[in-house]
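[1] quick one, structure for this:
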Amino acid sequence: MSIDAAPQSLPVLAIVGTVAIFSIVQSIFGVGLLVFGTPTLLLLDLPFNLVLAYLLPCSIVISGLQLATSGGLTLEPIRRRFLIYTAPPVLAATILTLAIGSLHQIRFAVGVMLLFTAVTRIGPMRTILERFVRAHGRPLLVGLGVIHGLSNLGGGILTAIVGSTFTDKTAIRRHVAFAYGMMASLQLAVVMLSAHPHVQWQLWLVLPALAAVTYLVLGQRAFRSTPQGPYQFGLTGLILSFGIILVGTG
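    Here you go, the predicted model:
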């Protein structure tokens, strides 16, 4: 693993701002730092492996804190399914992406999928979406792993799957945090062992601490103060935002 000085042109303030802002989103919904932070940092011309090296530890820290404050690390049935059907594709697809480069072509397709998902979460169509997720759980979990490993953009799909399985906001965030943390841990292991990103070690240590403070000071309070109804509305809006951004930049 190489943690050497990165180029002097590294946009430190932009990276810090990205982590601070999107850590709040992830603190509330369980996702957001990777799916918003990844395209933001790529637009700043950071290589994909460096983006992963900076963002993944922050995401892991928030997911870990969310698990610690909502029941701990237990292997409930849905979590076992994530480990069985999602973890291997994440691992394989991440290795492939680091070998051939990030697949930008997948952005538009994922965006369209998320737009459709957001629409079906509104009104009576929500029941149809829930039935579809229950009937096709295994292939959806495999597809989630492939897409997240290839693009780092599986957060929207993850929220759609978990949001169609649970209705309580605490249960939704708890299970999203488990899956998101698991996927991020696998990705980080692959990045550090194979890509050897040259990061600024001071920044690499400070960013996860910033994410933790953001969660503890702002994110957790915002989550607790958000009623169930507005939380579900916000989750739908989050999925819709993912879709719009990916279609617009795909």
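[2] contacts for stretch 142-153?
    The contact list for stretch 142-153, computed with CB atoms under 8 Å, 6 or more residues apart in numbering, reads 34-35, 38, 48, 51-52, 85-97, 102-103, 106-107, 110, 154-155, 157-158, 161, 183, 187, 242, 246. For every residue, glycine as well, the C-beta is placed using N, CA and C.
[3] gap between the helix or strand hosting Thr97 and the chain center?
    Using DSSP states H and E, the element containing Thr97 is helix 87-100. Offset of helix 87-100 from its chain centre (CA atoms, centre = their mean, to the nearest Å): 16 Å.
[4] can I get it in PDB, CA atoms only?
    This file holds the C-alpha atoms of helix 87-100, laid out as PDB (Å, rounded to 0.1, in the frame of the first residue of the first chain):
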ATOM      1  CA  ALA A  87     -20.400  -9.200  -1.700                       C
ATOM      2  CA  PRO A  88     -18.800 -11.500  -4.400                       C
ATOM      3  CA  PRO A  89     -20.000  -9.300  -7.300                       C
ATOM      4  CA  VAL A  90     -18.800  -6.200  -5.600                       C
ATOM      5  CA  LEU A  91     -15.400  -7.700  -5.100                       C
ATOM      6  CA  ALA A  92     -15.100  -9.000  -8.700                       C
ATOM      7  CA  ALA A  93     -16.500  -5.900 -10.300                       C
ATOM      8  CA  THR A  94     -14.200  -3.600  -8.300                       C
ATOM      9  CA  ILE A  95     -11.100  -5.600  -9.400                       C
ATOM     10  CA  LEU A  96     -12.300  -5.300 -13.000                       C
ATOM     11  CA  THR A  97     -13.000  -1.600 -12.800                       C
ATOM     12  CA  LEU A  98      -9.500  -0.800 -11.400                       C
ATOM     13  CA  ALA A  99      -8.000  -2.900 -14.200                       C
ATOM     14  CA  ILE A 100      -9.900  -1.400 -17.100                       C
END
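[5] return the set of buried residues in the helix or strand just after that helix.
    Per DSSP H and E, the first helix or strand lying C-terminal to helix 87-100 is helix 106-120. By neighbour count with 16 or more other CB atoms under 10 Å, helix 106-120 contains the buried residues Ile106, Arg107, Val110, Gly111, Met113, Leu114, Leu115, Thr117, Ala118, Thr120.
[6] go on, stretch 205-215?
    By neighbour count on 16+ other CB under 10 Å, the buried set for stretch 205-215 is Leu207, Pro208, Leu210, Ala211, Ala212, Thr214, Tyr215.
[7] likewise stretch 45-60?
    The neighbour-count criterion (16+ other CB under 10 Å) identifies 46, 48-60 as the buried residues of stretch 45-60.
[8] which outside residues touch that stretch?
    6, 10-11, 15, 19, 23, 26, 33-34, 37-38, 41-42, 97-98, 101-102, 152, 180-181, 184-185, 187-188, 191-192, 195, 197-199, 203-204, 207-208, 210-211.
[9] repeat the analysis, applying 7 Å as the threshold.
    Under the criterion CB atoms under 7 Å, 6 or more residues apart in numbering, residues 15, 19, 23, 26, 33-34, 37-38, 41-42, 98, 102, 152, 180-181, 184-185, 187-188, 191, 195, 197, 199, 204, 207-208, 211 lie in contact with stretch 45-60.
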